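In: Let's see this in three dimensions:
(one chain, ligands or ions: 1)
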Amino acid sequence: MPISGDPHAYRLPTIDLERPHTSRISNRLLGGDLHWAIDRHFADRATAILPELPDLLRLNRRFLALAIKFCADRGIEQFLDLGCGTPIRPMTHELVDNVLPTGRCTYVDIDPVAIAHTQLAVEEHGAPNRHDVLHADLRSSSRLWQTITHDDRLINPHQPVAIIFSDVLHFLPPGTNERTLATYTDLMPPGSYLIATHLSTDGVPAEVVNRLLDLRALYGSIGQPVTIRSTSEFTELLSDLQLVAPGVASAARWCVSPGPALASNALDKTWLAAIAHKPCR
Ligand SMILES: C[S@@+](CC[C@H](N)C(=O)[O-])C[C@H]1O[C@@H](n2cnc3c(N)ncnc32)[C@H](O)[C@@H]1O
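Out: Now for the predicted structure:
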């Protein structure tokens, strides 16, 4: 809920031992080992509804690697991972290091457990002068931007940046995405990129749509509702930016080869991905 006096700043949650959390559920589904029994139980229920969910999350990570390389190849040296989740190797800063050993990466998440694990992982595998971690609600966009750009500490606001929304936008309450994305689009310097993925049902067979709706109800039951957007609604979120070809397209299309394909083509269109550019004036 917004903090009184600042409608665009949100209170941070404390650790909730009773409920599974998306950050650890995804870690479980991606084969990580940073999850609790309640998360594993939830992940089992989710895969009973959609057995291909781990494949989709792996595809999402493949797109992330591709998008980071795309941006690094175009001179981007700083990356801001919003809703970074519980660490899964390779982590975002490792994907950056693979293509740009001097790159900077800042992680942000609302979940204190995800942030504690990310901090430990960065201390173990990262470089303290180039990688950092921040516990924050990404919807507090102006305040967050102020913090990370203060004294160029984490992000230099005069240099282009790649802002990453990987598997997170559909977890933001409806109505907050538009303002949040518009603020980041406004704040990021010209030449910057926005990397985003989103769950969708456009062109998806009815039988799969029904399973996605069941999955949405399951996440809703733990207080982490999911919003499914059409291609045009997702495109609308990026409307102030120039889409990189092939535009808003399935992650499967972005990641045509090489790498494992999805087990079922019926799921291809459920996972949309985009890279969008803020042109230099
Ligand atoms: C499904 S995980 C995705 C993790 C990672 N980005 C990936 O692509 O594998 C979604 C993450 O978004 C985080 N998240 C959700 N709402 C958020 C918010 N308002 N601010 C910051 N993080 C948020 C959750 O805590 C969770 O860690």
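In: wait, what's in contact with the closest residue to the ligand within the stretch 51-200 of the chain?
Out: Closest residue of the stretch 51-200 of the chain to the ligand, C-beta to the nearest ligand atom: residue 85 (2.5 Å). In this view, the C-beta of every residue, glycine as well, is placed from N, C-alpha and C. Residues counted as contacts of residue 85 (C-beta atoms under 8 Å, 6 or more residues apart in numbering) are 22, 23, 26, 27, 109, 114, 167.
In: Look up phi and psi at it.
Out: Dihedral pair for residue 85: phi 80, psi -180, per degrees, to the nearest 10.
In: all helices of the chain, in order?
Out: Using DSSP state H, the helices found in the chain span residues 22-29, 37-49, 53-73, 92-99, 112-125, 141-149, 176-187, 206-221, 231-237, 251-254.
In: Report the rounded mean pLDDT for the shortest one.
Out: Just to be clear, that refers to helix 251-254. Averaged over helix 251-254, pLDDT sits at 93.
In: Not counting its own residues, what contacts that helix?
Out: Here helix 251-254 makes contact (C-beta under 8 Å, 6+ apart) with 59-60, 62-63, 66-67, 197, 246, 261-262, 268, 271-273.
In: Just give me the neighbour total for residue 187.
Out: When neighbours are counted by other C-beta atoms under 10 Å, residue 187 registers 17.
In: Count the neighbours of residue 159 for me.
Out: Residues lying near residue 159 (other C-beta under 10 Å) number 15.
In: distance of the closest residue to residue 219 other than its chain neighbours from the ligand?
Out: Leaving aside its chain neighbours, residue 219 sits nearest to residue 226 (4.8 Å; criterion: C-beta to C-beta, 6 or more residues apart in numbering). Distance, residue 226 to the ligand, by C-beta to the nearest ligand atom, to the nearest Å: 10 Å.
In: you'd agree residue 226 is up against residue 217?
Out: No: in this structure residue 226 lies outside contact range of residue 217 using C-beta atoms under 8 Å: 9.1 Å.
In: Between the two, tell me which one has more neighbours.
Out: The neighbour count for residue 226 versus residue 217, taken as other C-beta under 10 Å, is higher for residue 226 (17 against 12).
In: so what's the more buried one up against?
Out: By C-beta under 8 Å, 6+ apart, the contact set of residue 226 is 170, 171, 199, 215, 216, 219, 220.
In: And the spatially closest residue to the last one that is not a sequence neighbour, how close does it get to residue 92?
Out: Okay, so that is residue 220. Spatially, and ignoring its direct neighbours in sequence, residue 220 is nearest to residue 226 (7.2 Å; C-beta to C-beta, 6+ apart). Look at residue 226 and residue 92: by C-beta to C-beta, to the nearest Å, they are 22 Å apart.
In: can you count the residues close to residue 281?
Out: Neighbour tally, residue 281, other C-beta under 10 Å: 5.
In: That one and residue 190 touch, don't they?
Out: Yes: with contact defined as C-beta under 8 Å, residue 281 counts as touching residue 190 (5.6 Å).
In: Between the two, which contacts overlap?
Out: Jointly contacting residue 281 and residue 190 under the rule C-beta under 8 Å, 6+ apart is no residue at all.
In: returning to that earlier point: could the helices of the chain be laid out in JSON lines, adding distance to the ligand?
Out: Converted to JSON lines, the helices of the chain look like this (distance: least, C-beta to the nearest ligand atom, whole Å):
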{"stretch": "helix 22-29", "distance to the ligand": "3"}
{"stretch": "helix 37-49", "distance to the ligand": "11"}
{"stretch": "helix 53-73", "distance to the ligand": "5"}
{"stretch": "helix 92-99", "distance to the ligand": "8"}
{"stretch": "helix 112-125", "distance to the ligand": "5"}
{"stretch": "helix 141-149", "distance to the ligand": "9"}
{"stretch": "helix 176-187", "distance to the ligand": "8"}
{"stretch": "helix 206-221", "distance to the ligand": "10"}
{"stretch": "helix 231-237", "distance to the ligand": "15"}
{"stretch": "helix 251-254", "distance to the ligand": "11"}
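In: Can you tell me the closest non-neighbouring residue to the residue nearest the centre of the chain?
Out: Taking C-alpha atoms, centre = their mean as the criterion, residue 166 is the residue nearest the geometric centre of the chain, at 2.1 Å. Nearest residue to residue 166 in three dimensions, chain neighbours excluded: residue 64, at 5.0 Å (C-beta to C-beta, 6+ apart).
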